[in-house]
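# Sharing a model prediction with you, sequence too.
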Amino acid sequence: MLTQMLGGEITVDSHVGVGTTFCLRIMLPIVHNLSDTAEPTPSKGQIVGYKGKPLSVLVVDHDALQRDFLEALLVPLGFVVHQAYDGLSGLHAVAQFHPDMVLLSVKMPGEDDLVTAAKIRSGHPSKPAIIMVSAGNAELSADADRAPDYDAFVTKPVDSNTLLTTIGHVLHLEWIYVKDDEVEIDIPDFSNGYFSGLSSKIRQSFHKIRQASELGHVRGVENVLNSLAIETESDRVFIAIIKRYVRDFDLAAITRAINDAEL
């Protein structure tokens, strides 16, 4: 299944009494000018945000897990994230939210993704930046003549660093970094009404989430989150942020986020 998503294939050659050979073929990006003696690029540290006004991103993907993953990655960095599940709903969302950038999945059900990109590019005055999210280079290389309809593309499974580098280039961002050896890392400030739209059920769960977090019980935090029903947009963003912290095992950030949301 994963091999097919990456645009590859698995073949088997088996002979009784001889053995079995499995062959895996997948599409991977070409690396140019790679030198075994090249010095690694010094790390600037962890990206914790960007300078300037908050920017909005629309994630269009038929895979809910992929949408949630991208939202959980981008929201803590200061982006406002909206979701759509196919090309048509994506077009409606662009008209409604006027995003600064669209992350558009390739090979979704319904209307062709590149047709959707062209409609976004030509039909909306804001002309948001478009990054295609593709399972393989081959999906887009065949449509090289339609490249003006998008600004860049990244491949699945999405690498966080590659995606952020691409976003920074497309949106001309100045990232804010924190060095790996710095203990204190700023997290988004959720006070001042940021989560004023949280439902009562989410707020009632604060005590359980905080208690599990302070005990170091990651599974307990996950169990509480998975039991919650999303009623508002703030609910969805809040849960995505906490899931991001759970994935990073940043329990202190979970507690601070809840404390800010209670203000």
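Looks like it came in fine.
# State whether Leu225 and Val246 are indeed in contact, as I suppose.
Yes: with contact defined as C-beta atoms under 8 Å, Leu225 and Val246 form a contacting pair (7.4 Å). The C-beta positions use only the backbone N, C-alpha and C, and glycine is treated the same way.
# gap between the nearest residue in space to Gly78 that is not next to it in sequence and Phe238?
Leaving aside its sequence neighbours, Gly78 sits nearest to Gly49 (C-beta to C-beta, 6 or more residues apart in numbering; 4.8 Å). Gly49 sits 18 Å away from Phe238, going by C-beta to C-beta, to the nearest Å.
# Under the pLDDT cut-off, which ranges of the chain? List them.
1-9, 25-43, 136-147, 179-195 (pLDDT under 70).
# Determine which residue lies closest to the centroid of it.
Geometric centre of the chain, nearest residue: Leu70, 1.5 Å, by C-alpha atoms, centre = their mean.
# and it, what element?
Taking DSSP states H and E as the definition, Leu70 sits inside helix 64-74.
# Just checking: what are the partner strands of whichever helix or strand comes after that helix?
Downstream of helix 64-74, the next assigned helix or strand under DSSP H and E is strand 80-84. Neighbouring strands of strand 80-84 in its sheet, by DSSP bridges, are strand 56-60 (parallel).
# what angle separates the strand it pairs with from helix 64-74?
Orientation of strand 56-60 against helix 64-74 (axes from the mean of the first three to the mean of the last three C-alpha atoms, to 10 degrees) gives an angle of 160 degrees.
# could you check the distance from Leu103 over to Pro54?
17 Å.
# Looking at these two, which is more packed in?
Neighbours per residue (other C-beta atoms under 10 Å) separate Leu103 from Pro54, with Leu103 holding more: 28 against 10.
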